[in-house]
Structures are given as C-alpha cells and as structure tokens.
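Chemist: pasting a predicted model and its sequence here:
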Amino acid sequence: MPRDFSYSGKKVEYGVLLPINIIESTGKRASTCYEDRYPLPMEKNGRKKWPIQCADPTRKLAGARDQTAHLAAYTKSMHAGPRERGCDVDSASHDVVVNKDKYARTSPNLSVSFPSDFFWITQAYIVIVNTFAMSDQEILFFDLPSRPPNKCWSLNPWKTRFVLNYKGIPYKTEWVEYPDIKPKFEGHLPPRDLYTIPTVVLPDGKWVTDSKEIARVLEEKYPEKPLHLDSPYIARLDTPTTGLFRAIAPVFIPGVPFNILNEASIPYFRRTREANIKTTLEKFQEGGGEKAWKAAQPHIEKIDALLKENTEGPFFEGKTVGFVDFQWGGILIFLQRLGDNAFEELLKHSSDPDLHLKFLEALKPWSERDDH
C-alpha cells in the first residue's frame, strides 16, 4: 500500500471520503471530521481504516479551512454488487460523479492510481488529495497562441500574465486556439454566449474568467505585492484606451489574423469579426493607415498626460507599479506583436515617445516570461 505519492513534484498526504452510510456508522460529526487528518490508515478490529477528512460528500469540495483539495474518484470493482454507489470522474468536465450526481471537481491535471488492495471496503471512495500549501501549487492559465515563435500577444491575457509574473505565483500556460475555447470552458463556467481568454483554474479547482475578475481574486488570495486595484488611474485610463482602439480598429482587427494567428484560429476569427464589422477584413483594412492613427492621436496624448502626472515615474502612480500599468503594458506589447509598424505609429503620434519606451523597460521584470 502506498504511503505517499507525488503531485507536480511535491509530496502530498491523502485520505478518503467515505459514502454517507459509512460515515454515519462512525458516529463522527461533520464539523469535526475534517480536522482529523492522519497520514496513515488506522488499525481497527484488525483491519486498516482510512480516516475521514470531510463527512459530507454533498458539500462543494474545493477545500475547507483554507486547505486546498484536489479530488479524484476511483471505483471499487472487487466484490462490488449492482447496488453499490458508482463513482467515476467525468473526463471532459473533471467532475466527480456518484450515481450520476456531481459532487465536486477534480484538478484537470491530476492523474494518480493506486493498487487494487487500496480499497478495503467494498464501496466507492472519493480520494481527497491535500497539498501542503496553496502557494506551492500551480495555477492553470489559458492563453491564446501565436505563430512560431509562440508568445503571449493579446492585451487581455497579458494583464493576467503580468499579475502572475509580478506576484510570483506559480503557473502553467495552456495555449487554446479560438475555436477550442468554448468546448474546453463550457461546463466549468456559468453558461454564456461567449467564453473568453484569459481564464485561470485556481489550485482549489475554481475557474475564474475576465482579466479584472482574475486580478481581484488573485489579489485576495495572494495579497503580497499589491495591485492597487483602487487606483483612480484604472478608470481614468479606460476612456482614452477605448477611443484609441475605436480609432485603430481597421489596423488591429485585420492585423491579428493576417500577422499573428495560427491557421487553426483564422477561420473562426474571420467569421466572428466580419459578422461584427459587416464587411470583409480586407475591405475594413482599407480604413487603416495614417488616417486611423491621426484619429487616435488625441487619445494617445491623453494617455501621455496621465503618465506625466507623477513626474518621478515611470508608472502611472510614479514609482509604484500596479494593475493599471499592466493594462497599458499589455496594450503596448500587443501593438509590438501586431506588426505593420503599429507600435512605431503609436510612438510617432505620441507627444513624448520616451514615456512609453521607459515604461516598457520598467515592466521588463514581469514581461520577460511570455512563452510558457
């Protein structure tokens, strides 16, 4: 019988969650069961008995008392009669399913096995795998791939990547092409018309989408190195950046499939964007060039003015970096990756190009990791 195993290279402890009828026979109360953590099975009446870690399998088992729980389900086959409670993991959703009822979600990256004699009771178990510390676990971060060399390019995923890099949170990137987003995310997030990237899966199995919501959740869970989400510059940056993107839409909308996307994503991008702009990408692109950048210039100059307010610089809040800087930094890197001299055009139409060059240089410690 195994005494430990490794998950993502880390030693973990394990126990089991027994079905309700077995739990009731123990006489333990639900409120105290989770505190009874034992690293090894106990001997009782000459038989090995695994300690109960949570008495109520109908709870959402993302964790309890700040303990992170990864869940995996295994079905006992030996001596299992037709009335036994069936237990399995849905390979698509990673939900733990007991008699067709979904009780919890596993980590999509968790894959472990035990010898058959691990199960000494002829019923199904849900195995609870608790890592020692949440901070030692990786977040799964979904990002959009690019043509080789594959690097983060989209402004919204960059906001989340900046946050992860800045806070030093361990994470793993999974690259998802546009047409694969909905099939991969559906069932994990509340139903919606459009599933988007960035999306992350936290160590407790919770899925979070939208860059601002991700930032809020990560700030709450990892408060070290604050993001200053209450900065007034976040709202003040919103209007000029919205104006900028409206002005250069004929530049960046066609530029994404023409210069960045892999073949797997281009048909989806073309179909959805052409439905919005009511014309072809090629026709829409004709409205770009100097005319578009001239229309963008007043908005760029407003952003220049915001960056100049705190003269000690280089960030919006002076020497204090925060989420607002990751928002603008993501836009600048997006324009660099877009090609067609988009970044150079922004500098050309800025009242002070050095502002943005120094700004990007100051962000380098958190922008260097861009390909994994």
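Modeler: Nice, thanks for sending it over.
Chemist: give me the below-cutoff pLDDT ranges for the stretch 51-200 of the chain.
Modeler: 51-136 (pLDDT under 70).
Chemist: if I look at residue 159, how far off is residue 187?
Modeler: Distance, residue 159 to residue 187, using CB to CB, to the nearest Å: 25 Å. Any C-beta I mention is one placed from the backbone N, CA and C, and that applies to glycine too.
Chemist: ok, these two, which is more surrounded?
Modeler: Comparing residue 159 with residue 187 by other CB atoms under 10 Å, the one with more neighbours is residue 159, at 22 against 15.
Chemist: so what's the residue count around residue 319?
Modeler: Residue 319: 10 neighbours (other CB under 10 Å).
Chemist: the residue nearest to it when sequence neighbours are not counted: what secondary structure?
Modeler: Spatial nearest neighbour of residue 319, excluding adjacent residues (CB to CB, 6 or more residues apart in numbering): residue 312 at 5.6 Å. Secondary structure, DSSP: H, G, I helix; E, B strand; the rest coil: residue 312 is coil.
Chemist: just the helices in the chain please.
Modeler: For the chain, the helices defined by DSSP state H cover 20-26, 30-33, 155-167, 181-185, 211-221, 232-247, 249-259, 266-277, 281-285, 290-308, 323-338, 342-348, 353-367.
Chemist: as a markdown table, the ones you listed with distance to residue 139 would be great.
Modeler: Shown next, in a markdown table, are the helices of the chain (distance: least, CB to CB, whole Å):
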| stretch | distance to residue 139 |
| --- | --- |
| helix 20-26 | 32 |
| helix 30-33 | 29 |
| helix 155-167 | 7 |
| helix 181-185 | 16 |
| helix 211-221 | 8 |
| helix 232-247 | 23 |
| helix 249-259 | 26 |
| helix 266-277 | 26 |
| helix 281-285 | 34 |
| helix 290-308 | 30 |
| helix 323-338 | 16 |
| helix 342-348 | 29 |
| helix 353-367 | 15 |
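Chemist: can you say which of these is nearest to residue 193?
Modeler: Of all the helices of the chain, the one in closest proximity to residue 193, counting by CB to CB, is helix 181-185 (9.7 Å).
Chemist: now do the buried residues in the closest one.
Modeler: Using 16 or more other CB atoms under 10 Å as the test for burial, helix 181-185 gives 181, 184-185.
Chemist: quick check: of those, which lies closest to residue 292?
Modeler: Looking across those and measuring by CB to CB, the closest to residue 292 is residue 181, at 28.2 Å.
Chemist: surely that closest one and residue 192 touch.
Modeler: No. Taking contacts as CB atoms under 8 Å, residue 181 lies outside contact range of residue 192: 11.4 Å.
Chemist: for residue 323, the count of nearby residues, please.
Modeler: 24.
Chemist: repeat for residue 354
Modeler: The local packing of residue 354 (other CB under 10 Å) involves 10 other residues.
Chemist: can you tell me how far it sits from residue 347?
Modeler: From residue 354 to residue 347 the distance is 9 Å (CB to CB).
Chemist: go on, residue 283?
Modeler: 28 Å.
Chemist: which of those two has more residues huddled nearby?
Modeler: Neighbours around residue 283 and residue 347, counted as other CB under 10 Å, are more numerous at residue 347. The numbers are 17 against 13.
Chemist: pLDDT value on the closest residue to the more buried one other than its chain neighbours, please?
Modeler: Residue nearest to residue 347 in three dimensions, not counting chain neighbours: residue 353, with 3.9 Å by CB to CB, 6+ apart. Per-residue confidence (pLDDT) for residue 353: 98.
Chemist: residue 353 and residue 319, how far apart?
Modeler: Residue 353 sits 21 Å away from residue 319, going by CB to CB.
Chemist: please apply the same query to residue 258.
Modeler: Using CB to CB, one gets 39 Å for the distance from residue 258 to residue 319.
Chemist: same check on residue 279?
Modeler: Taking CB to CB, one finds residue 279 at 46 Å from residue 319.
Chemist: and for residue 354?
Modeler: In terms of CB to CB, residue 354 sits 17 Å off from residue 319.
Chemist: now residue 149
Modeler: 33 Å.
Chemist: for burial, what's the neighbour tally of the closest residue to residue 316 other than its chain neighbours?
Modeler: Distances taken as CB to CB, 6+ apart place residue 233 nearest to residue 316, at 4.3 Å, with adjacent residues excluded. Residue 233 has 21 neighbours, counted by other CB under 10 Å.
Chemist: isn't residue 233 up against residue 315?
Modeler: No. Between residue 233 and residue 315 there is no contact under CB under 8 Å: 9.1 Å.
Chemist: identify the contacts common to these two.
Modeler: 322, 324 (CB atoms under 8 Å, 6 or more residues apart in numbering).
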